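1. Provided below for reference: sequence and predicted model.
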Amino acid sequence: MQHAAYLRVEILWYAQHTLRHWLQQPEFKVDLERQRQQVTDEAFCMLSQSLTQAVETLVELLDSQDERSRRLAANNIIAHFLKHKELKDLEQRITAIEQRLDERG
């Protein structure tokens, strides 16, 4: 039993050592980041394709017979709308700041 535990520790040490070694290689780091970005892009694409259906589902729930479902749907819609508005406002403010900085510099 101790021998198996020792082997697991040794395997983990080698795995960490190998990972550190590869992460020090610039080409590997670039490729790893590219692959991470590709996975993220694919996941975002899947989410984007489902967005319309998700919104339609929330809107349909506004007509639900269940009061709790209606309230939750309404709260979700309002929260998403307010978050979107907040992000748009921040985006506009950041753009204005960047323009001022560009004019100065």
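-> The structure has been received and is ready for your questions.
2. what about Ala73, how many neighbours?
-> Counted with other CB atoms under 10 Å, residues neighbouring Ala73 total 19. Placement of C-beta: from N, CA and C, glycine included.
3. what comes up buried for the helix or strand that it is a member of?
-> Secondary structure assignment for Ala73, by DSSP states H and E: helix 67-104. Neighbour-count burial for helix 67-104, counted by 16 or more other CB atoms under 10 Å, picks out Ala73.
4. what packs against it?
-> helix 26-61 (3 or more CB pairs under 8 Å, 6 or more residues apart in numbering; DSSP states H and E).
5. and the angle from the helix it packs on to helix 67-104?
-> Relative orientation of helix 26-61 versus helix 67-104 (axes from the mean of the first three to the mean of the last three CA atoms, to 10 degrees): 130 degrees.
6. Mind exporting the C-alpha coordinates of stretch 80-91 to CSV?
-> The C-alpha atoms that make up stretch 80-91 are tabulated as CSV, following Å, rounded to 0.1, in the frame of the first residue of the first chain:
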residue,chain,number,x,y,z
HIS,A,80,-29.8,40.7,-17.4
PHE,A,81,-31.2,44.0,-18.8
LEU,A,82,-29.6,46.0,-16.0
LYS,A,83,-26.3,44.2,-16.3
HIS,A,84,-26.3,44.9,-20.1
LYS,A,85,-27.1,48.6,-19.5
GLU,A,86,-24.3,48.8,-16.9
LEU,A,87,-21.8,47.2,-19.2
LYS,A,88,-22.8,49.5,-22.1
ASP,A,89,-22.5,52.6,-19.8
LEU,A,90,-19.0,51.4,-18.7
GLU,A,91,-18.0,50.8,-22.3
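7. Rounded mean pLDDT for it, please.
-> Averaged across stretch 80-91, the pLDDT comes to 96.
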